[in-house]
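Q: okay, predicted coordinates and the sequence, questions at the end:
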Amino acid sequence: FFGIKVLKDRQQFEVFAALQVTATPKSQVYLNGTLLGETPYSSDKLKPGEQTIKIVPLESSSNFFEQKVKLVPLLLTVIDRTFRANEAQNEGLILTLEELPDKNVTELVFMSSPREAKVFLDNDLKGITPLSLKEIPVSDHEINLSLPGFIDKRTRVKISSGYKLIADFKLAVSMGASPS
């Protein structure tokens with residue numbers, strides 16, 4: 001479940017970003033090459049801006065995830081990764097929030113690898129990735145991405161007024177299927 005978390009160290013007036021990382025199996029989390037700890041990992045005292053996140057399973061350093069991620073001041077970024085025997089069967093999700101200029105609107109952006117996955121919001125087909133939806137009701141919602149030959153990926157999110165939620169999915173190839 002993902003929602004908004006606003007962070008500010010009021011004593012020092014220094015603004016931070018937050019990061020939450022989960023992974024299966026248990027993994028080490030690196031930020032710009034520095035080991036932060038093991039999953040599940042959470043911090044609300046990170047430097048905002050573009051950072052390189054690396055997640056390395058404890059049982060196999062050759063099968064890892066590494067990507068640049070924008071840590072947004074005062075907001076939480078969530079990364080979830082499942083590692084399997086080979087890269088094609090790995091799956092994951094990155095959820096990020098961006099503040100919108102108009103505090104009365106909402107936006108939900110879907111991206112996926114591979115592209116052209118069907119996007120379901122609360123069990124209603126909304127289109128294919130990449131997809132941007134505006135004026136999503138402020139509430140909890142269920143997201144499901146589906147693509148033939150890949151394992152469906154589901155998650156729950158909370159949409160908040162004045163924010164764009166970006167959901168970036170990495171779909172896993174189904175057993176016995178070959179990636180297109």
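A: Everything's here; your move. Numbering: from 1, shown residues only.

Q: surely Pro57 is in contact with Arg84?
A: No. Here Pro57 lies out of contact with Arg84, judged by C-beta atoms under 8 Å, at a distance of 9.9 Å. Backbone N, C-alpha and C define where each C-beta goes, glycine included.

Q: who has more neighbours, these two?
A: Pro57 (22 against 16; other C-beta atoms under 10 Å).

Q: spit out the contact partners of the more buried one.
A: 23, 25-27, 63-64, 83 (C-beta atoms under 8 Å, 6 or more residues apart in numbering).

Q: only whichever of these are buried, select them in ChimeraX.
A: To isolate in ChimeraX the members of these that are buried, counting by 16 or more other C-beta atoms under 10 Å, one can use:
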select :23,27,64,83
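
Q: the contacts of Pro57 in strands, which ones?
A: Using DSSP state E, the members of the contacts of Pro57 that fall in strands are 23, 27.

Q: so Glu38 sits against Tyr30, correct?
A: No. Checked against C-beta under 8 Å, the pair Glu38 and Tyr30 is beyond contact range at 10.9 Å.

Q: more neighbours: which of those two?
A: Using other C-beta under 10 Å, the more surrounded residue of Glu38 and Tyr30 is Tyr30, with 18 against 14.

Q: perfect, I'm done here.
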